[in-house]
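**Q** predicted structure and sequence below. I'll ask about it afterward.
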Amino acid sequence: MAAAGNGPPTTNSEPRREPRSSSPLLSAVWWFVLGGLGLIFPFYSLYLRENAGLSGTQVGAVMATLPLIGLIAQPFWGHLADRTGRRVTVLAALAFGTCLGYCGLAFANSFSSFIIGTALLALFSTPLLPGCVSLSLALLPEPTGAAFGRVRVMGTIGFGVSVGLFPVVLRAYQRFSPASGQPAAAAGEGEAGLRIMFFVAALLLLLATATTLRLPEGRVVSLRARRGEWRLLVRNGLFARVLIFTFLAYLFIQGPMVLFPILVRAQGGGLEAISRMWLIMLTLEIPLLFYFGVGLARMGPRGVIAIGITAAAVRWGVSGFVDDLRWVYLVQVLHGVTVWGVILGVPLYVDAIVPQRLRSTGQGLLAMIGVSLGSIISNVGAGWLTEVVGPKAPARVAGVAAGLLALALPLMLPATPQRHGDDEPAPRVRDSPKKEQ
């Protein structure tokens with residue numbers, strides 16, 4: 001069946017992939033996007049708690065705003081990209097909107113202003129990573145785990161560089177900036193000048209915007225979905241099971257991740273300790289992502305996902321039930337295994353079971369139902385548990401619940417993803433490139 005697009009019509013055979021020269025630009029986009037997130041994600045909840053003086057419940061509510069708005073934003077932008085075929089333009093708009101959102105948050109000074117600012121940011125930031133995933137899979141020469149992993153790993157390196165260098169930048173700012181340039185002290189203020197992270201992150205997203213606009217819009221990238229074709233995904237039972245699994249995974253682990261800086265602070269760690277732990281998290285993530293295709297070939301898609309969720313269970317169980325901060329340091333290395341198995345493995349599993357012309361919609365729905373809805377409940381619940389029970393409670397719940405989910409995984413997903421409900425084959429997840437016929 002032909003699929004409408006900006007270029008020549010395609011047939012049932014897999015369309016020609018884009019030139020291999022797109023990979024360096026894709027790597028740069030991932031570097032700048034995750035580099036910006038690397039400044040905000042590890043420190044935003046700490047900033048809200050200590051610099052802005054919000055309560056635990058208020059911090060949880062602000063953090064829950066991101067996935068709440070994502071429920072609408074992610075499928076909207078994904079569907080827009082698939083219907084128009086302008087996936088490069090849409091991704092550039094998302095990056096620039098995120099840039100403006102970060103700038104706006106620097107001027108928020110109350111609970112209500114943080115809610116509004118975070119909501120506006122979420123309109124663009126929450127669909128950004130699903131957009132990067134779908135565009136990368138369309139542009140890469142072959143839709144393989146190895147090819148995608150080697151592009152995606154540059155984002156992890158950019159994330160690590162941002163997390164590692166930011167405390168140095170902040171200390172220099174505190175040392176050389178005039179006192180009048182520092183934010184006004186709030187009740188229980190922690191790190192003075194921490195809000196400069198918003199401006200640095202905005203600069204990185206501006207660079208991501210400029211780099212994205214240099215990407216080509218070719219035949220596969222410009223495939224258009226027909227009106228109402230998203231219903232094919234609704235009728236796909238395997239896709240529904242993937243959504244349920246991802247919802248439960250984020251329900252259990254997202255809240256503890258967002259409030260992790262508060263747990264570290266309660267254990268006696270400071271900003272440098274938080275930064276070092278994030279760097280520890282990346283030590284396994286970088287080689288695992290780079291050699292993702294090898295793991296996929298040996299263990300299969302479901303095996304990779306199972307290892308990822310099991311690693312999350314061990315990490316949060318130790319973080320929540322052990323008092324020695326040295327053990328908490330040690331188990332953070334398992335974060336990379338979770339990224340490898342869940343955050344990378346699940347989107348590739350989805351890409352294997354949806355039509356190419358619906359890949360942005362599929363990733364958007366995955367982010368909406370699996371990621372955003374689970375994260376909303378998780379963030380609010382973790383904030384409530386932190387305030388009522390204590391900073392270790394979210395990690396304890398996550399450790400036990402993620403372990404149970406790992407045991408149930410064989411009942412939820414087949415070992416090998418298979419496409420359902422469409423007459424145009426989608427690319428299968430495979431471990432090594434295959435010569436086109």
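**A** Yep, it's here.

**Q** tell me which element Thr361 is part of?
**A** When elements are defined using DSSP states H and E, Thr361 is found to belong to helix 359-365.

**Q** what about the closest residue to Leu289 other than its chain neighbours, how many neighbours?
**A** Using C-beta to C-beta, 6 or more residues apart in numbering and skipping the chain neighbours, the partner closest in space to Leu289 is Val153 (3.9 Å). Using the backbone N, CA and C atoms, a C-beta is placed for each residue, glycine as well. Residues lying near Val153 (other C-beta atoms under 10 Å) number 22.

**Q** same thing with Val133?
**A** 25.

**Q** please identify which helix or strand holds it.
**A** helix 128-139.

**Q** quick one: Phe107 is in a helix?
**A** No. Counting by DSSP: H, G, I helix; E, B strand; the rest coil, Phe107 is not part of a helix but coil.

**Q** and stretch 198-212, C-alpha only, in PDB?
**A** C-alpha atoms of stretch 198-212 as PDB (Å, rounded to 0.1, in the frame of the first residue of the first chain):
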ATOM      1  CA  PHE A 198      18.200  27.700  33.800                       C
ATOM      2  CA  PHE A 199      20.100  30.100  31.600                       C
ATOM      3  CA  VAL A 200      22.900  27.600  30.800                       C
ATOM      4  CA  ALA A 201      20.300  24.900  29.900                       C
ATOM      5  CA  ALA A 202      18.500  27.400  27.700                       C
ATOM      6  CA  LEU A 203      21.800  28.100  25.800                       C
ATOM      7  CA  LEU A 204      22.300  24.300  25.200                       C
ATOM      8  CA  LEU A 205      18.700  24.000  23.900                       C
ATOM      9  CA  LEU A 206      19.300  27.000  21.600                       C
ATOM     10  CA  LEU A 207      22.300  25.100  20.100                       C
ATOM     11  CA  ALA A 208      20.000  22.000  19.800                       C
ATOM     12  CA  THR A 209      17.500  24.000  17.800                       C
ATOM     13  CA  ALA A 210      20.200  25.300  15.400                       C
ATOM     14  CA  THR A 211      21.600  21.800  14.900                       C
ATOM     15  CA  THR A 212      18.200  20.200  14.300                       C
END
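
**Q** list the buried residues in it.
**A** 198, 200-209, 211-212 (16 or more other C-beta atoms under 10 Å).

**Q** is it true that Ser27 touches Val151?
**A** Yes. Between Ser27 and Val151 there is a contact at 5.3 Å, judged by C-beta atoms under 8 Å.

**Q** quick one: which of the two has more around it?
**A** Val151 (24 against 20).

**Q** which strand or helix spans the more buried one?
**A** Counting by DSSP H and E, Val151 is part of helix 145-176.

**Q** give me the contact list for the helix or strand following that helix.
**A** As assigned by DSSP H and E, the chain's next helix or strand after helix 145-176 is helix 196-212. Contact partners of helix 196-212, identified using C-beta atoms under 8 Å, 6 or more residues apart in numbering, comprise 25, 28-29, 32-33, 35-37, 39-40, 43, 47, 88, 91-92, 95-96, 98-100, 102-103, 105-106, 162, 166, 169-170, 173.

**Q** and helix 196-212, average pLDDT?
**A** Here helix 196-212 scores 94 as its mean pLDDT.

**Q** tell me how far the residue nearest to the spatial centre of the chain lies from Ile262.
**A** For the chain, the residue nearest the mean C-alpha position is Leu129 (5.7 Å; C-alpha atoms, centre = their mean). Counting by C-beta to C-beta, to the nearest Å, the gap from Leu129 to Ile262 is 24 Å.

**Q** which other helices and strands does the helix holding Val151 contact?
**A** helix 22-40, helix 128-139, helix 196-212, helix 271-290, helix 292-321 (3 or more C-beta pairs under 8 Å, 6 or more residues apart in numbering; DSSP states H and E).

**Q** what about 6 Å?
**A** helix 22-40, helix 271-290, helix 292-321 (3 or more C-beta pairs under 6 Å, 6 or more residues apart in numbering; DSSP states H and E).

**Q** quick check: closest non-adjacent residue to Ala28.
**A** Thr211 (4.8 Å).

**Q** the one you found and Phe245: what is the separation?
**A** In terms of C-beta to C-beta, Thr211 sits 33 Å off from Phe245.

**Q** then Val389?
**A** From Val389 to Phe245 the distance is 27 Å (C-beta to C-beta).
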